[in-house]
Each structure stands twice: as structure tokens, then as C-alpha cells.
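>>> Starting from these lines, generate the structure:
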Amino acid sequence: MSESTVKISGGSLIQPGHELHRKVAHIFIKDGQIIEISAKPISTNADKEVNAEGCFILPGFMDLRCQLRDPGFEHQEDIRTGSAAAAASGFTGLAVHPTTDPIVQTKAQVEYINNQGLNVLPDIYPVGAATQNLDSGDITEMYDMHLSGAMAYSNGDNHFRSSGALSRALMYSREFGGVVMTHAIDEDLKKGASVNESETTIHTGLKQQPDLAETSQVKKEIDIAQYAEAPIHFSHISSAKTVDLIRAAKAAGYPVTCDVSIWHLIYTDENVLEYDSNFKVTPPFRTESDRQALIAAVNDGTIDAIISDHNPRNVEEKKLEFDYAQPGINGLQTFYSAYNQYLSKDISLETMVERCAFRPRTILNLSENEIAEGETANLMIANPTLNWDYNKSTNLSKSANNPLFGKTLTGKCTFVVNGWRHLDFS
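Next up is the predicted model:
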């Protein structure tokens with residue numbers, strides 16, 4: 001919906017550095033622009049008036065890694081439904097990965113994503129394929145895709161099979177400010193594994209993956225990026241040893257960034273003992289000590305961003321024996337609720353704003369979406385005490401592969417604004 005004026009009254013502003021940070025704020029928006037932020041109630045009437053009492057006003061989130069499956073797999077998700085699920089958790093920006101059919105590896109396919117994103121609330125940022133068909137030694141026409149609006153390049157859930165291709169992609173994209181995102185995994189060490197290799201899972205009978213499969217590849221790719229003199233972004237890291245490698249690389253001055261999925265901050269390999277395929281993800285959930293190391297790395301800035309890693313799957317792909325089920329969690333709509341319910345004692349709202357709103361945009365060379373007078377309105381209202389049921393009737397996605405499905409959750413995004421567009425979820 002798009003009334004020309006919106007008034008938000010009485011919410012606690014979370015905007016580090018703002019004079020009203022952690023204080024009650026009243027905001028007036030006209031034609032998508034923030035006109036006034038005041039400690040006192042605003043008397044001007046508006047087309048849309050929102051009572052934010054007891055709620056937080058946060059900058060809109062930006063997701064660096066989600067799969068919306070459009071085109072080709074619209075039975076799992078499309079840009080419209082995925083965007084609705086994202087908006088319901090306060091996302092105003094989505095980096096959409098190229099795992100579609102056809103794969104997003106030409107400027108025409110980038111333009112299709114852009115066109116599909118014109119009428120949804122979140123800004124859609126296409127991520128182009130880094131190598132042909134996501135798995136070859138030949139890089140794509142990255143610059144052509146850049147000119148059409150590609151913000152970054154990735155092989156999705158495939159690793160770079162060729163070190164030479166990764167080196168060429170890094171050096172080529174460096175020339176025009178492109179960002180290469182890598183799913184660092186050694187496929188020979190992974191060997192089709194479903195779960196982490198640990199004392200917890202040793203007796204499950206499930207195929208196991210050591211954290212060496214990740215760390216060995218991360219170490220190699222850091223060396224390749226150093227050789228290429230180019231930045232590199234590691235997607236959905238999962239282990240304490242990986243954190244140590246990236247922390248050391250940053251300390252040495254290398255332009256390395258990384259993200260972690262919110263699910264790896266919540267769950268461990270203990271959860272797979274239920275044999276619930278909704279806990280099958282890539283990379284797999286690791287140990288409690290890994291989880292704690294990831295949380296610490298979020299808090300100290302080693303981990304730059306927290307992602308939804310939205311990976312929708314239909315029931316035929318998930319209602320299988322654990323080893324045969326496809327990996328992934330449908331992660332957008334429950335993102336804020338998951339944070340509020342499971343992580344808010346470990347990670348502050350200020351840190352979440354930095355890792356979910358500001359830093360992801362910086363990584364993509366976008367401007368930060370500060371809540372300030374004169375700026376485009378790009379914000380969400382979150383009610384930390386509101387309970388809601390996540391079920392078939394409330395699910396906005398086409399898929400339901402989420403371990404929280406069927407549960408009552410605490411904390412909900414009730415309103416989101418991105419420029420002239422806004423949605424009310426109260």
C-alpha cells in the first residue's frame with residue numbers, strides 16, 4: 001500500500017549515533033522521505049498512522065543470501081511470495097542468488113530479475129553466476145551482468161571447482177567493483193555428507209562432513225584472493241576454525257568479509273538427532289562450541305553479516321530419509337522472530353542493526369539506510385512481545401521447510417517501509 005504520508009508514533013528508535021537512540025521517537029514520512037523525527041508527538045495528520053508503542057523502530061534489514069527460485073522453480077518460491085515473506089520480517093533489500101532455471105548468467109536474465117522486482121517492497125539485487133552453469137572452469141560475462149544491475153557473483157551452493165576460475169573471477173570483478181561470494185567447501189572431503197562429523201553424530205548412521213571440508217577450502221581461497229589482490233566474501237560459514245582463519249586474514253589486512261546464517265547461531269548437530277530433515281542444511285550444523293564461536297565473531301565484528309540463507313523446498317524434497325532429503329531452510333519470514341526468541345540475550349539490537357542492515361549494504365557497495373531526516377524511509381517496526389503462530393494460514397512463502405513451522409513464536413515485524421511502499425503486518 002502506498003499512502004503519501006505515514007506517521008509512526010511512540011516506538012523506541014534503534015539508530016546508533018542518533019540523539020534519540022534507545023529513546024521514544026515519532027516519525028513523519030511524506031512521499032517516501034523522512035520529514036521529521038521528534039521526541040514529542042507529531043500533531044500533523046497522516047494517511048497512515050501507526051502506533052509503535054512498546055515496539056522497536058529499526059533500519060530495514062538487507063539479506064545477502066536468499067534463493068527465490070524464480071524463474072524455473074516457481075512451485076517452491078517466486079519473487080512475489082519470497083518478497084512478501086521477507087517484508088514480514090523487516091527485510092527491505094534482498095541479494096537474490098542465481099540458483100534458477102535458466103541460471104542467472106546473462107544480462108537478459110539479470111534484467112528479468114530486475115523487472116520481476118519492480119512491484120515488491122524489498123529492493124531486489126540480482127547475484128549473477130560466477131562461472132558458467134555454476135560449476136565450470138569458465139567465468140561468466142560478469143561485466144555485462146554488472147551493467148544490467150548484478151551486484152555480486154556466486155556459484156550458489158556449489159564451490160569453485162577450479163582455483164583458476166576463482167582467481168580469474170576475483171581479478172576480473174575487481175576492475176569494476178564486483179563482489180565474489182563463495183560457498184567454500186572441499187567436495188572431496190564433503191563426500192555427500194548430511195551432518196557434521198562429531199561425537200554427537202557418530203552413531204546416527206548418517207554421512208558425516210568434517211569441518212576440515214570448510215576450513216581447508218577457506219584457507220586456500222584466502223590465499224587465492226591475496227594473490228588476485230581482490231576482495232572475497234565467504235558465505236554461510238559454520239565453524240570456529242573458519243572464524244579463526246578469517247579473523248587472522250582481517251588482522252593481516254586482507255579484504256575478506258563473511259556472513260553466517262541465523263540458523264547456525266541457533267542450532268547445533270544435537271538437533272539432527274531428531275532425524276527431522278528440516279535440520280538438514282549446507283553447511284551442516286556443527287557443535288555447541290562452534291555455535292558459541294560464531295556468536296562471539298558476530299559480536300566482535302569478525303563476521304560481517306547475518307543472513308536468512310532462505311532455501312525453499314517443496315514437501316517432496318524434504319519428506320524423505322535424512323540422507324536423501326534436500327538441504328535448506330525457508331528462512332525469511334521467521335528471521336526476526338528467531339533472533340528475538342533465541343538470540344536477543346546473546347546479540348544486541350545494535351549489533352543486529354550493524355550486521356543485518358548496515359554492513360550487508362556496505363559489502364554490496366550500497367549506501368547505508370540510516371533513519372534520519374531527509375533520508376528515504378527504509379525501516380521496520382518490531383514488536384518483541386507479540387506472539388504469533390507460524391503455520392499454514394500465516395505462512396507467506398510457497399514452502400514450509402522450517403523447523404519453527406507449527407510453533408508459536410515471540411516477536412514479530414508489524415510494519416515495514418521502503419520509500420513510497422509500506423506493508424502492515426500487525
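>>> got the residue ranges for the helices in the chain?
Secondary structure of the chain (DSSP state H): helices at 79-87, 107-116, 142-147, 163-174, 187-190, 212-228, 240-251, 288-300, 315-318, 335-342, 349-353, 359-363.
>>> and the closest residue to His310 other than its chain neighbours, how many neighbours does it have?
Distances taken as CB to CB, 6 or more residues apart in numbering put Cys66 closest to His310, at 3.8 Å, once the chain neighbours are dropped. (Glycine included, C-beta is placed from N, CA and C.) By other CB atoms under 10 Å, 27 other residues sit near Cys66.
>>> In contact with Cys66: list those residues for me.
82, 86, 94-97, 307-310, 331-332 (CB atoms under 8 Å, 6 or more residues apart in numbering).
>>> can you check Arg69 too?
Per CB under 8 Å, 6+ apart, neighbours of Arg69: 76-78, 82, 99-100, 312.
>>> quick one: which of those residues has the most company?
That'd be Gly82 among the contacts of Arg69, by other CB under 10 Å, with 31 neighbours.
>>> Can you give me the separation between that one and Ser367?
24 Å (CB to CB, to the nearest Å).
>>> got the CA positions of stretch 115-133 in CSV?
What follows is stretch 115-133, C-alpha atoms only, in CSV (Å, rounded to 0.1, in the frame of the first residue of the first chain):
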residue,chain,number,x,y,z
ASN,A,115,11.8,-6.5,-13.8
GLN,A,116,10.2,-9.0,-11.5
GLY,A,117,11.3,-7.0,-8.5
LEU,A,118,9.7,-3.7,-9.6
ASN,A,119,6.5,-4.2,-7.8
VAL,A,120,7.6,-5.8,-4.5
LEU,A,121,8.5,-4.0,-1.3
PRO,A,122,12.1,-5.1,-0.8
ASP,A,123,14.7,-3.9,-3.3
ILE,A,124,15.9,-6.8,-5.3
TYR,A,125,19.6,-7.1,-6.1
PRO,A,126,20.4,-9.9,-8.6
VAL,A,127,23.5,-12.0,-7.9
GLY,A,128,24.9,-13.4,-11.1
ALA,A,129,26.6,-16.8,-11.6
ALA,A,130,30.4,-16.6,-11.2
THR,A,131,31.1,-19.5,-13.5
GLN,A,132,29.2,-21.0,-16.4
ASN,A,133,26.3,-23.1,-15.1
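>>> May I see the buried residues of that stretch?
Buried residues in stretch 115-133, counted by 16 or more other CB atoms under 10 Å: 116-117, 120-131.
>>> OK, contacts around Asn119?
Contacts of Asn119 by CB under 8 Å, 6+ apart: none found.
>>> so what's Lys412 bridging to?
For Lys412, the beta-bridge partners are Asn383 (DSSP bridges).
>>> Which of the contacts of Arg69 sits closest to Val218?
Within the contacts of Arg69, proximity to Val218 (CB to CB) peaks at Thr99, which comes in at 21.3 Å.
>>> just to revisit the earlier point, which one of the helices of the chain lies nearest to Gly11?
helix 349-353 (12.3 Å).
>>> ok, and what's touching that closest one?
By CB under 8 Å, 6+ apart, helix 349-353 touches 14-16, 56, 58-59, 298-299, 306, 339.
>>> I'd like the residues you listed written out as JSON lines, with neighbour count and distance to Ala213 added.
Listed next are the contacts of helix 349-353 as JSON lines, based on neighbours: other CB atoms under 10 Å; distance: CB to CB, whole Å:
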{"residue": "Ile14", "neighbour count": "23", "distance to Ala213": "38"}
{"residue": "Gln15", "neighbour count": "22", "distance to Ala213": "40"}
{"residue": "Pro16", "neighbour count": "15", "distance to Ala213": "37"}
{"residue": "Phe56", "neighbour count": "23", "distance to Ala213": "39"}
{"residue": "Leu58", "neighbour count": "25", "distance to Ala213": "36"}
{"residue": "Pro59", "neighbour count": "25", "distance to Ala213": "36"}
{"residue": "Val298", "neighbour count": "25", "distance to Ala213": "22"}
{"residue": "Asn299", "neighbour count": "14", "distance to Ala213": "26"}
{"residue": "Ile306", "neighbour count": "28", "distance to Ala213": "22"}
{"residue": "Tyr339", "neighbour count": "24", "distance to Ala213": "28"}
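>>> Filter those down to the ones in strands?
56, 58-59, 306 (DSSP state E).
>>> between the residues you listed, which is closest to Gly149?
Distances from Gly149 to those, taken as CB to CB, are shortest for Pro59 (22.8 Å).
>>> correct me, but that closest one touches Glu354?
No - counting by CB atoms under 8 Å, Glu354 is not a contact partner of Pro59; they are 9.7 Å apart.
>>> So for the protein, which residue is the most central one in space?
Ile307 (2.6 Å; CA atoms, centre = their mean).
>>> Not counting sequence-adjacent ones, nearest residue to it?
In space, Ile307 is closest to Arg65, 4.4 Å off (CB to CB, 6+ apart).
>>> picking up where we left off before, comparing the helices of the chain, which gets the lowest mean pLDDT score?
For the helices of the chain, mean pLDDT drops lowest on helix 187-190, to a mean of 92.
>>> For Leu343, give me the pLDDT.
With respect to pLDDT, Leu343 has a value of 98.
>>> Same check on Met1?
At Met1, pLDDT is 50.
>>> do the same with the one 5 residues further on
On the pLDDT scale, Val6 is placed at 97.
>>> what do you get for the one 4 residues further on?
As summarised for this prediction, Gly10 has a pLDDT of 94.
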